[in-house]
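Colleague: quick one, what's the 3D model for this:
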Amino acid sequence: MVKPIDYASLTERRCSRCKVTRPVSEFNRYVDPSAPLTGWRYYAWCRDCSKRQSSAYGRANRPRRNERLREWRKANPEKARDLDRRRRLKRYGLTQQDIDAMAVAQRRRCLLCDRKVELVIDHDHSTGRVRGLICGQCNTLIGWLERRGVRAKVDAYLG
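Modeller: I've put the predicted structure just below:
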């Protein structure tokens, strides 16, 4: 009988695709109840090889993949909206709790014009720093000013 592998004690693994021995932190894991000691296993391919394969598949099968994703989004509009929102927040390094806290601190009003309307995330395009929540009109205005080189005035106003 073969001795079961204790995946939790492994420190390195050899990728079956590129044949390079790498730290286990470079491999994804998956749940496998048949793994007797841990209940999970490492994938055979490292993350780099998996990413390359996934990208190649996506390029080779773009129309079919896009159709499948369109169908999923149509069948799951709430999940798709939530996923889009989380991706947008992740771009700024924020969570929904951060946004809620900012909204409460601003009394759910635009940081600039103080109107109580739907708010968007305002950020500095050069540094990526989030400045606050503002309305769509103020966001458009700030973008217009920044594109025309009036950045110092925008920064002075926003602090």
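Colleague: so where's this structure uncertain?
Modeller: Within the chain, the set of residues satisfying pLDDT under 70 comprises 1, 151-159.
Colleague: what are the buried residues along the biggest helix by length in the chain?
Modeller: Counting residues, the longest helix found in the chain (DSSP state H) is helix 77-92. By neighbour count on 16 or more other C-beta atoms under 10 Å, the buried set for helix 77-92 is Leu89. Bear in mind the C-beta positions are built from the backbone N, C-alpha and C, glycine included.
Colleague: for it, the distance to its chain's centre please.
Modeller: Centre-to-centre, helix 77-92 and its host chain are 8 Å apart (C-alpha atoms, centre = their mean, to the nearest Å).
Colleague: downstream of it, the next helix or strand is which one?
Modeller: Counting by DSSP states H and E, the element after helix 77-92 in chain order, helix or strand, is helix 96-105.
Colleague: helices and strands around that following helix, which ones?
Modeller: With contacts taken as 3 or more C-beta pairs under 8 Å, 6 or more residues apart in numbering; DSSP states H and E, helix 96-105 sits against helix 77-92, strand 130-135.
Colleague: try 10 Å this time
Modeller: Packing contacts for helix 96-105, counted by 3 or more C-beta pairs under 10 Å, 6 or more residues apart in numbering; DSSP states H and E, involve helix 77-92, strand 119-123, strand 130-135.
Colleague: can you give me the strands for this protein?
Modeller: In the chain, the strands defined using DSSP state E lie at 12-14, 21-23, 29-31, 40-42, 119-123, 130-135.
Colleague: of these, which approaches Ser54 most closely?
Modeller: Across the strands of the chain, Ser54 has its closest neighbour in strand 29-31 (14.9 Å, C-beta to C-beta).
Colleague: neighbouring strands for the closest one, and are they parallel or not?
Modeller: Strand pairing for strand 29-31, determined by DSSP bridges: strand 40-42 (antiparallel).
Colleague: identify the residue spatially nearest to Asp98, adjacent ones excluded.
Modeller: Ranked by C-beta to C-beta, 6 or more residues apart in numbering and with sequence neighbours excluded, the top spatial neighbour of Asp98 is Leu89, at 7.7 Å.
Colleague: the one you found and Asp82, how far apart?
Modeller: Look at Leu89 and Asp82: by C-beta to C-beta, to the nearest Å, they are 11 Å apart.
Colleague: cool, and Thr11?
Modeller: For Thr11, the distance to Asp82 equals 37 Å [C-beta to C-beta].
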